[in-house]
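Undergrad: give the three-dimensional model of this entry:
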Amino acid sequence: MAFPRCALLVLLLSSLFSSFLYAGQASCKFDSFSPPSGYTLSQVVGIDDDGSIVGQLLDNDTQALVGFMRSSSGSFTIYSAPGSAITWVNGHNTGGTSVGSYLASGASAKVHGFALTGSKFTEINYPDAANTWIFDNNNAGALVGSCGGSGVIKGFLYATGDYTVIDESGQQATYPMALNDNNEVVGYSVNGWMNYGFLWQNGQFTAINYPHSKYGTQLSGINNDGVIVGNRISADRVFAFLYQNGTFESIVYPGADYEVAGGINNNGVIAGQVFLNATDTIGFTATCN
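TA: Numbering: from 1, shown residues only. The predicted structure follows:
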């Protein structure tokens, strides 16, 4: 990218500041995985402490989107919620509970949250909300998600039977995407085309935004050590990063066009998705230092 000469001094000064925030590329060891036969990988969203990965697949025959859980041994379980047109599986904890959302089929076309433990399916709907999305659960059973309709979308924490609103003032939408066992929540808010990353705990927001990202930052995971993963959004791609101790480091899969970080567990293992080109995508796990 070319910069006007008159902007050089500003660029140098800003680079001195951002050097405290941006330390280059993380050193990562990767393992990759492919979707089961007949499916295309749509999203890798999270990973639990046992190494189970959750996300979404596209059925190549029906073109339906379904949820999945991939065990640490590599076996896939595919799931569609009852009466759903689309199912997202977004979180899984060590107690064996998966959480997510589904779009109801038929005329209603509402989005509902759910929790699934074994064969026990529990629908979750924020009171009086048009739609409810559930994005993650922790090992204590707390959930985070968003709710709303065509207007403002707000986030929430659901713990011990009570809802706490997570709503960043002045933003059109707030999406709490992940939480750890300390109920530290990360996510992003949206205003127009821009995305703003945040850390939230006990009603307090802390901004976490990757420097010089064209369309902003989306945080997608946090573990009990406070290590965060997320994605910066460029003009046409999304690039994964690791954030710890006040420093951003890019997560770069060798030979890939770009990477998307979905989550991080308490063992420091990151799960995400690699785009090798415009049509070829695989999943990954990574340990970085």
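Undergrad: and the gap between the closest residue to C28 other than its chain neighbours and S84?
TA: Distances taken as C-beta to C-beta, 6 or more residues apart in numbering put C288 closest to C28, at 4.0 Å, once the chain neighbours are dropped. Yep, even glycine has a C-beta here, placed from its N, CA and C like the rest. Using C-beta to C-beta, to the nearest Å, C288 is found at 35 Å from S84.
Undergrad: N195 bridge partners, please.
TA: V190, G216 (DSSP bridges).
Undergrad: wait, what's in contact with it?
TA: When contacts are counted by C-beta atoms under 8 Å, 6 or more residues apart in numbering, N195 touches 188-189, 215-218, 233.
Undergrad: cool, and T206?
TA: Counting by C-beta under 8 Å, 6+ apart, the residues that T206 touches are 198-200.
Undergrad: how deep is Y126 tucked in, by neighbour count?
TA: Using other C-beta atoms under 10 Å, Y126 has 22 neighbouring residues.
Undergrad: does it touch C147 like I think?
TA: Yes - counting by C-beta atoms under 8 Å, C147 is a contact partner of Y126 at 3.7 Å.
Undergrad: state the distance from the closest residue to L179 other than its chain neighbours to L219.
TA: Nearest residue to L179, sequence neighbours excluded (C-beta to C-beta, 6+ apart): V185, at 4.6 Å. Distance of V185 to L219, given as C-beta to C-beta: 9 Å.
Undergrad: overlap in contacts, the two.
TA: Contacts common to V185 and L219, judged by C-beta under 8 Å, 6+ apart, are 178, 199.
Undergrad: list the contacts of the closest residue to A104 other than its chain neighbours.
TA: Computed as C-beta to C-beta, 6+ apart, the closest residue to A104 that is not its neighbour in sequence is K110, at 5.3 Å. Residues in contact with K110 (C-beta under 8 Å, 6+ apart) are 103-104, 130-131.
Undergrad: quick check, nearest of those residues to Y79?
TA: Here the nearest of these to Y79, counting by C-beta to C-beta, is L103; it sits at 14.1 Å.
Undergrad: since we're on that closest one, how many residues are nearby?
TA: 18.
Undergrad: quick check: bridge partners of it?
TA: I86, V111.
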